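**Student:** any chance you could fold what I've pasted below:
(chains A and B)
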Amino acid sequence: MNQNERHQSIRAYLLERMPAADREAFEAAMAADPVLAQDVALQVGEIEIGEMLLEEQARGWIAAHRRQRTAWGLFWSKKQVVVTLLAATIALVLAAVWWFRTPETARDTPPVIAHQTPPPVTTAPNGDTAPTAPVRPPSDRYLALARENFQEPPLHTLRTPAPANAASFYRQAEQAYGRGEYQRTLDLLARTDSTQQQLAAFLKAHALFHLGRFQAAAGQFSFLVDSNSRQFRYDSEWGLALCRLAEKTTRQKALDLLQYMAGQPDHPYAERAQALLKTLSRTARE
Amino acid sequence: MYSEFPNEAALLEAFQSGDDQQRKAAYTALLNERALERQTVAYVRRHDGSVADGEDVFQDALIIFDRHVRDGKYRGESRLAGYFMGVVHWCWFNEQQRRQKKRTIPVEAAPELSDPADPGKAYLQKELRERLKAMIDLLSDKCRQLIRMYMLDYKMEETAAEMGYAGSGVAKKESSICRKRLRELLLRQTDLVQDIIKMIKP
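**Tutor:** Numbering: from 1, shown residues only, chains lettered A, B, ... in the order given. Here you go, the predicted model:
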């Protein structure tokens, strides 16, 4: 047996490619021949080293596959983040577009705030020196609701001719108010004396409201609320709420005040406040 | 099914081929078989192993499966998945024994893939392999490549083409030099050779 045949025999034996009879003979020869045994051992080592080299290569493929899979996983997770950010950006842009294109009346939602105490009100200037903020166009829907719910003051003496004295200026103002002459109403009220301060303030607030000077009207109503006027307090609170509702910048305060009123069962305007809040909520949803 | 391979026979053929690309594709196909990996991990976890153990066993089983296919121990007589899981059981059984952990698989249930008493069937024990591994570092890259080709039964013409040699004669000569170098390295490790002889003696 030459070297090559010997090598092939050992290889066939190790790879179990040898017939059973030959195998037994080979094993017998190996037991008797230490050199053959050593050759077999060397070839076992050679084969194992070869297998280890193949294994090394295969493990490289496996590792590369795992890395690729992890990279894909990371890529997808990164992609998800990017897609989410993109979606959020698009949503923000759309929201901004919607915000600037939708009338403000349709996007304001009255918050639900439960007040146990009346919200603070601004002390009213007591007289003609009340600041008259420039009339800004309030949102039509809220203004319409404010006007629709505005409670007109009781005017008792419309048919009675007003006497010609200082005290009668209030009567004349009432008559002017009844005729819808709101600026003249204000002019006449300016000439009333301090004994009719609350009466004058109440009517003045109404006249100012009709003139669209809601902040000034609110000032008059606030004054009456702060004065804790037995006669005008509740009406003034309602009027104040409507003035604030009509004025964009004070709408939140109006809602707070309405919530407060709606939460007071003994408040004469509780039911109306509840109804108005519902209407406002519906309006906001529309 | 098995990525680019239409059936199991084609996959086995790729494993048996000496072509690196084919073999790599075969590995990739099995690596992409997530069901196989899931089953492996589930088996290992059921038998006191972790997910990481399961993943390691899956890799080891792939290597051994490849060798079984190349050695002709598996020729596709049974379903690939079934045979592969047999390899997995065997791998995990051996790994548990190696760790000397509490054995969760009864001895009688150990897979019959290998008879440790039969040198023709058994692969070298891990300890011997570790000692052989040190020798690989002493081989040049060229020799490693040539030995790999020898293991994959490359024809000398193929080896020459792959390595860029002028002809099969050069390939044969280079391959022979490398194998001779390896034998010299082995002969220097007399203890190792004696241990192998003890192991293979019938």
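**Student:** any idea how far the least confident helix or strand in chain B by mean pLDDT is from the chain center?
**Tutor:** Across the helices and strands of chain B, the lowest-confidence element by mean pLDDT, DSSP states H and E is helix B:126-136, at a mean of 81. Centroid displacement of helix B:126-136 relative to its chain, using CA atoms, centre = their mean, to the nearest Å, is 14 Å.
**Student:** so which residues on chain A come close to chain B?
**Tutor:** A:13-17, A:23, A:27, A:30-31, A:37-38, A:40-42, A:44-59, A:61-62, A:65 (CB under 8 Å from any CB of the partner chain). To be clear about C-beta, it is placed using only N, CA and C from the backbone, and glycine gets the same treatment.
**Student:** buried members of those into ChimeraX, please.
**Tutor:** Buried residues within those, by 16 or more other CB atoms under 10 Å in any protein chain shown, are selected in ChimeraX with:
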select /A:13,14,23,27,30,37,38,40,41,42,44,45,46,47,48,49,50,51,52,53,54,55,57,58,61,62,65
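**Student:** show me where the stretch 51-200 of chain A has its strands.
**Tutor:** In the stretch 51-200 of chain A, no segments count as strands under DSSP state E, counting those that start in this stretch.
**Student:** so where's it shaky on pLDDT?
**Tutor:** A:74-77, A:102-139, A:156-167 (pLDDT under 70).
**Student:** all the helices of it, in order from the start?
**Tutor:** Along the stretch 51-200 of chain A, the stretches classed as helices by DSSP state H, counting those that start in this stretch are A:104-107, A:140-149, A:168-178, A:182-189, A:197-210.
**Student:** deepest of these, which one?
**Tutor:** Comparing those by mean neighbour count (mean count of other CB atoms under 10 Å in any protein chain shown), helix A:197-210 ranks first with a mean of 24.
**Student:** now that helix - C-alpha only, CSV.
**Tutor:** Below are the C-alpha coordinates for helix A:197-210, written out as CSV (Å, rounded to 0.1, in the frame of the first residue of the first chain):
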residue,chain,number,x,y,z
GLN,A,197,-74.8,105.2,41.8
GLN,A,198,-75.8,101.5,41.7
LEU,A,199,-78.9,102.1,39.5
ALA,A,200,-76.8,104.2,37.2
ALA,A,201,-74.0,101.7,37.0
PHE,A,202,-76.4,98.9,36.2
LEU,A,203,-78.1,100.8,33.4
LYS,A,204,-74.8,102.1,32.2
ALA,A,205,-73.4,98.5,31.9
HIS,A,206,-76.4,97.6,29.8
ALA,A,207,-75.9,100.6,27.5
LEU,A,208,-72.3,99.9,27.1
PHE,A,209,-73.0,96.3,26.3
HIS,A,210,-75.3,97.4,23.5
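**Student:** which SSE is immediately downstream of it?
**Tutor:** As assigned by DSSP states H and E, the chain's next helix or strand after helix A:197-210 is helix A:214-226.
**Student:** in that following helix, which residues are buried?
**Tutor:** Buried residues in helix A:214-226 (16+ other CB under 10 Å): A:214-225.
**Student:** identify whichever of the helices of the stretch 51-200 of chain A lies nearest to B:Phe5.
**Tutor:** Smallest distance to B:Phe5 across these (CB to CB): 60.4 Å, for helix A:104-107.
**Student:** ok, and the closest non-adjacent residue to A:Leu143?
**Tutor:** A:Ala246 (4.9 Å; CB to CB, 6 or more residues apart in numbering or on different chains).
**Student:** quick check: the one you found touching A:Ala216?
**Tutor:** No: applying CB atoms under 8 Å as the test, A:Ala246 and A:Ala216 come out as separate, 11.9 Å apart.
**Student:** so what sits against both of these two?
**Tutor:** Contact criterion CB atoms under 8 Å, 6 or more residues apart in numbering or on different chains; residues shared by A:Ala246 and A:Ala216: none found.
**Student:** do a quick rundown of the helices in chain B.
**Tutor:** Here chain B has its helices, by DSSP state H, at B:8-16, B:20-31, B:34-46, B:51-71, B:80-99, B:126-136, B:141-151, B:156-163, B:168-188, B:190-200.
**Student:** okay if I get those helices as JSON lines plus distance to chain A?
**Tutor:** Rendered in JSON lines, the data for the helices of chain B read as follows (distance: least, CB to the nearest CB, whole Å):
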{"stretch": "helix B:8-16", "distance to chain A": "10"}
{"stretch": "helix B:20-31", "distance to chain A": "5"}
{"stretch": "helix B:34-46", "distance to chain A": "10"}
{"stretch": "helix B:51-71", "distance to chain A": "5"}
{"stretch": "helix B:80-99", "distance to chain A": "13"}
{"stretch": "helix B:126-136", "distance to chain A": "5"}
{"stretch": "helix B:141-151", "distance to chain A": "4"}
{"stretch": "helix B:156-163", "distance to chain A": "13"}
{"stretch": "helix B:168-188", "distance to chain A": "5"}
{"stretch": "helix B:190-200", "distance to chain A": "4"}
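**Student:** a markdown table for those helices, including mean neighbour count?
**Tutor:** As requested, the helices of chain B are exported to a markdown table (neighbours: other CB atoms under 10 Å in any protein chain shown):
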| stretch | mean neighbour count |
| --- | --- |
| helix B:8-16 | 18 |
| helix B:20-31 | 19 |
| helix B:34-46 | 17 |
| helix B:51-71 | 20 |
| helix B:80-99 | 19 |
| helix B:126-136 | 15 |
| helix B:141-151 | 19 |
| helix B:156-163 | 17 |
| helix B:168-188 | 16 |
| helix B:190-200 | 16 |
